[in-house]
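> coordinates only, sequence not included:
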């Protein structure tokens, strides 16, 4: 297993366009998290899934954001009608609740630039 | 809500020397975990060290050790014998078990530059 992967690694879009990111977690991990990291800041929690169920969403996740994990494996994060303030690194992490301390393993992130 | 504060935006250290990064947090919880994560330039974040709040003994991982002061809500990271590969952003993070599937609350980060 090569760890958590995210695609694309970089995305440049124009304001008002929709974008979708994909995260593939470590295969035996049942928990999947999305975080957003703006330049020079620490990551902020957006949402998390246990298997296919989305169990919590942050207030940061406006109505323009939607996340899915249809089969409890990979996840997608869609941003509709992008705004310049959406420019950030979007990080995905996964964990297995039976692992010691629920350690989260992070992917390399998708850097979004909204022009 | 929990908050995590890292008061040092940037620190530099000579190779082979020691550097200490500070982290304070605010919580009313008694049971929680604290972490230090490393984010090298253009690479993914990896766990450096963790501390369970119920353990009095400070965690150590090779050249990395923490000074956990629960009453003061302080959690500093010491990097000994610094190496060039330690150059990275370091984030302190807090986790309350069972909350939102163990989501992490991060501080703003400290950039560490190891000079040859």
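Structure's in. What do you need? From a predicted model like this one, the values you see are computed outputs, not experimental measurements.
> Which residue lies closest in space to residue A:57, excluding its sequence neighbours?
Of all residues beyond its chain neighbours, the one nearest residue A:57 is residue A:47 (4.6 Å), with distances taken as CB to CB, 6 or more residues apart in numbering or on different chains. Where you see a C-beta, it was placed from the backbone N, CA and C, and this is true even at glycine.
> who's in contact with the helix or strand that neighbour falls within?
Secondary structure from DSSP states H and E places residue A:47 in strand A:44-50. When contacts are taken as CB atoms under 8 Å, 6 or more residues apart in numbering or on different chains, the neighbours of strand A:44-50 outside the stretch itself are A:30-37, A:54-58, A:60-61, A:65, A:67, A:69, A:72, A:75, A:77, A:97, B:100-101, B:103-106.
> Just the buried positions in the following helix or strand past it, please.
The element immediately downstream of strand A:44-50 (helix or strand, assigned by DSSP H and E) is strand A:53-57. Neighbour counts using 16 or more other CB atoms under 10 Å in any protein chain shown place A:54, A:56, A:57 of strand A:53-57 among the buried residues.
> list the helices and strands the helix or strand just after strand A:53-57 packs on?
Following strand A:53-57 in sequence order, the next helix or strand is strand A:65-68 (DSSP H and E). Of the remaining helices and strands, those touching strand A:65-68 by 3 or more CB pairs under 8 Å, 6 or more residues apart in numbering or on different chains; DSSP states H and E are strand A:44-50, strand A:75-79.
> Could you tell me which residues within strand A:65-68 count as buried?
Buried residues in strand A:65-68, counting neighbours by 16+ other CB under 10 Å, are found at A:65, A:67.
> go on, stretch B:44-63?
Within stretch B:44-63, the residues scored as buried using 16+ other CB under 10 Å are B:44, B:45, B:47, B:48, B:49, B:50, B:51, B:53, B:59.
> Any part of it near chain A?
Yes - using CB under 8 Å from any CB of the partner chain, we find that stretch B:44-63 touches chain A at B:44, B:45, B:46, B:47, B:50, B:52.
> Who are the contact partners of the third one?
Under the criterion of CB under 8 Å, 6+ apart, the contact partners of residue B:46 comprise A:106, B:37, B:38, B:39.
> Identify the farthest-apart pair in the residues you listed.
A:106 and B:38 (10.6 Å; CB to CB).
> For the residue of chain A found nearest chain B, which non-adjacent residue is closest in space?
When CB to the nearest CB is the measure, chain A has its nearest residue to chain B at residue A:42, with 3.3 Å between them. Taking CB to CB, 6+ apart as the measure, residue A:42 lies nearest to residue B:106, with 3.3 Å between them; neighbours along the chain are not counted.
> and that neighbour, what are its bridge partners?
In this structure, residue B:106 bridges to residue B:93 when assessed by DSSP bridges.
> hang on, isn't it packed against residue B:89?
No - with the criterion set as CB atoms under 8 Å, residue B:106 and residue B:89 do not qualify as a contacting pair; they are 10.5 Å apart.
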